[in-house]
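Peer 1: How does the following fold in three dimensions:
(4 chains)
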Number of protein chains: 2
Amino acid sequence: MSHAFRHRDILDIARKEGKVTVEGLAQHFGVTLQTIRRDLSDLAEDGRLERVHGGAMLPSSTSNIGYEQRQTLNAKAKAAMAKACAQRIPNNISLFLNIGTSTEAVARELRGHKNLLVVTNNMNVANILAEMQDCEVVVTGGNLRRADGGLVGKLATETILQFKFDLAIIGCSALDRDGDLLDFDIQEVSVSQAILQQSRKTYLVADASKLKRNAPARIASLSEIDTLFTDAALPADLPAKCADWDTEVVVARP
Amino acid sequence: MSHAFRHRDILDIARKEGKVTVEGLAQHFGVTLQTIRRDLSDLAEDGRLERVHGGAMLPSSTSNIGYEQRQTLNAKAKAAMAKACAQRIPNNISLFLNIGTSTEAVARELRGHKNLLVVTNNMNVANILAEMQDCEVVVTGGNLRRADGGLVGKLATETILQFKFDLAIIGCSALDRDGDLLDFDIQEVSVSQAILQQSRKTYLVADASKLKRNAPARIASLSEIDTLFTDAALPADLPAKCADWDTEVVVARP
DNA sequence: GCGATTTTTTTCGTTTATGTTCGTTTTTTG
DNA sequence: CAAAAAACGAACATAAACGAAAAAAATCGC
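Peer 2: Next comes the predicted model:
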């Protein structure tokens, strides 16, 4: 196997986990430590990674807006959900991806899809998709929210209203026991609502931790969602409600 | 079986797996390694795959690589111009930064400025500014152009027309002897024109190499620019023309 | 079926990638 | 603060992959 394959995978892992270790990578690829060291040196030379003793990290400068920590939270669960979700996304459609680490995970799994038109209000998603071929990327305008790379505000909603999507993939800050999607940010709520309004079909990606959180603003109800992707069985009477609402639930265990 | 069939299947596999190996394909098709190598060379020549030692990958990074190389070209000259430009940018204003490595350099030099509202159609600029405090960042919508991270198209122009800027900082692909600003991309031209139209004051940042290039589309004339930042004295009668036009010329030597 | 053409296989010298070893540097630990 | 452990990089050896070119096989038109 060539170093080129590893380089790409190493960057993938680094982006997913925030960091990589020499030992871990050697084990993962089944090669010697020295080989990995060479790889990391190469990547560091190109400025794609920052070399540290024992491994490497994402370079502090570019395209990462300082929320890598949250990103590593539940990384495996998110990857599993994202994979399940990506499998249900056909080729040749237009889709929207909104803000959130879960939707970013989905973006990463879209490699290999063909002829997609992806609209997003998430700078990170745009950065990820920029590296994929065979995928037209449209970014909505908006005010940049540093915390998560989101584009929000009037500009974002207005842009969205100009489109009609085959599929929308959204995340949310929290999910309550009544099956309501909640968010921390009022601005983001109106963006999400605009998305739902303009989409023929909607997928929600939300790991189980979202059920333990709370947030002030209501986006919508699960009844308006076609499919929910999560990583553990839903509690209480939510499964029954979803069945009632005709909302499919896909549980992708990590 | 003819190579055409294999080519199609190879691309299919590559898209599905993200990569292919010479060994794996040889086994899969029951042919020799050499045959597969020839196939991969062909596909790579057409730009459909990126050849690597031991196999091939989807050509994800090709456009980025070109850009990263371009970015380091004249890095010192760009930094000098950018510094001079940033010094002339006051605090507490709204400004626009468009596509180009020169404007990215300016963005980097904006660290330390206070209370700016920066609008940009350049993903890289947005990424850079995201790390700066005390600076509201607005991103225009648009189709993402992988080559340079630019956001172009109708969405971009429309967004720009909703603003009025105190200052616009623009770059261009080329600058001809008549003092005309030129660009490779028609889409980008209308974006740049919209910017000029909506700005009270305009700075152009263009290193001397732009004078040696040529490009098909005309953005505007230097006469419409307030200040030109460059890294070497202008040739021929351009200085006289600029004086005539009341266009200030700032030469920042690296 | 025959010759021309294309495609694939075979062969071989060259290039590239990986593994190994070992002395040096950095980090951890007592 | 010093000893021990871990990580590092350079140098060399080995293995894998490479491309060019000749030979063999398949395909096509007649």
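Peer 1: what helix or strand does the residue with the shortest distance to the centre of chain A sit in?
Peer 2: Residue closest to the mean C-alpha point of chain A, counted by C-alpha atoms, centre = their mean, is A:Glu104 at 1.9 Å. In this assignment (DSSP states H and E), A:Glu104 forms part of helix A:101-109.
Peer 1: which SSE is the residue of chain A most remote from its centre in?
Peer 2: Ranking residues of chain A by C-alpha distance from their mean position (C-alpha atoms, centre = their mean) puts A:Gln34 at the top, at 32.9 Å. Using DSSP H and E, A:Gln34 sits in helix A:33-45.
Peer 1: So which other helices or strands are in contact with that helix?
Peer 2: helix A:3-17, helix A:22-29, strand A:50-52, strand A:55-57 (3 or more C-beta pairs under 8 Å, 6 or more residues apart in numbering or on different chains; DSSP states H and E). No exception for glycine: its C-beta is placed from N, CA and C like everyone else's.
Peer 1: Extract the C-alpha trace of it and format it as CSV.
Peer 2: Listed next in CSV are the C-alpha coordinates belonging to helix A:33-45 (Å, rounded to 0.1, in the frame of the first residue of the first chain):
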residue,chain,number,x,y,z
LEU,A,33,6.2,3.1,13.7
GLN,A,34,8.9,4.5,11.5
THR,A,35,6.6,4.4,8.5
ILE,A,36,4.0,6.4,10.4
ARG,A,37,6.6,8.9,11.5
ARG,A,38,7.6,9.4,7.9
ASP,A,39,4.0,9.9,7.0
LEU,A,40,3.4,12.5,9.8
SER,A,41,6.6,14.3,8.8
ASP,A,42,5.4,14.6,5.3
LEU,A,43,2.0,15.8,6.3
ALA,A,44,3.5,18.3,8.7
GLU,A,45,5.9,19.5,6.0
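Peer 1: surely the residue nearest to the centre of chain A meets A:Leu129?
Peer 2: No - with contact defined as C-beta atoms under 8 Å, A:Glu104 does not count as touching A:Leu129 (9.9 Å).
Peer 1: Give the burial count for the closest residue to A:Ile219 other than its chain neighbours, as a bare number.
Peer 2: Spatially, and ignoring its direct neighbours in sequence, A:Ile219 is nearest to A:Leu181 (4.2 Å; C-beta to C-beta, 6 or more residues apart in numbering or on different chains). Neighbourhood size, A:Leu181 [other C-beta atoms under 10 Å in any protein chain shown]: 28.
Peer 1: immediately after the one helix or strand A:Leu181 maps to, which helix or strand?
Peer 2: Using DSSP H and E, A:Leu181 sits within strand A:180-183. Moving toward the C-terminus from strand A:180-183, the next helix or strand (DSSP H and E) is helix A:186-197.
Peer 1: And that following helix, what's buried?
Peer 2: Buried residues in helix A:186-197, defined by neighbour count with 16 or more other C-beta atoms under 10 Å in any protein chain shown: A:187-196.
Peer 1: Who are the contact partners of the closest residue to A:Leu116 other than its chain neighbours?
Peer 2: Nearest residue to A:Leu116, sequence neighbours excluded (C-beta to C-beta, 6+ apart): A:Cys135, at 4.7 Å. Residues near A:Cys135 by C-beta atoms under 8 Å, 6 or more residues apart in numbering or on different chains: A:110, A:113, A:115-118, A:129.
Peer 1: Please name the nearest non-neighbouring residue to A:Leu222.
Peer 2: In space, A:Leu222 is closest to A:Gly179, 3.8 Å off (C-beta to C-beta, 6+ apart).
Peer 1: tally of neighbours for A:Glu23?
Peer 2: Residues lying near A:Glu23 (other C-beta under 10 Å) number 12.
Peer 1: right, and the helices and strands packed on helix A:33-45 - which one's nearest chain B?
Peer 2: Chain B sits nearest to helix A:3-17 of all those, at 3.5 Å, using C-beta to the nearest C-beta.
Peer 1: and that closest one, what other elements does it pack with?
Peer 2: strand A:19-21, helix A:22-29, helix A:33-45, strand A:55-57, helix A:75-87, helix A:101-109, strand B:50-52, strand B:55-57.
Peer 1: which phi and psi does the closest residue to DNA strand C within the stretch 51-200 of chain A have?
Peer 2: Residue nearest to DNA strand C within the stretch 51-200 of chain A (C-beta to the nearest atom of the strand): A:His53, separated by 4.1 Å. Note on A:His53: its backbone torsions stand at phi -60, psi 120 [degrees, to the nearest 10].
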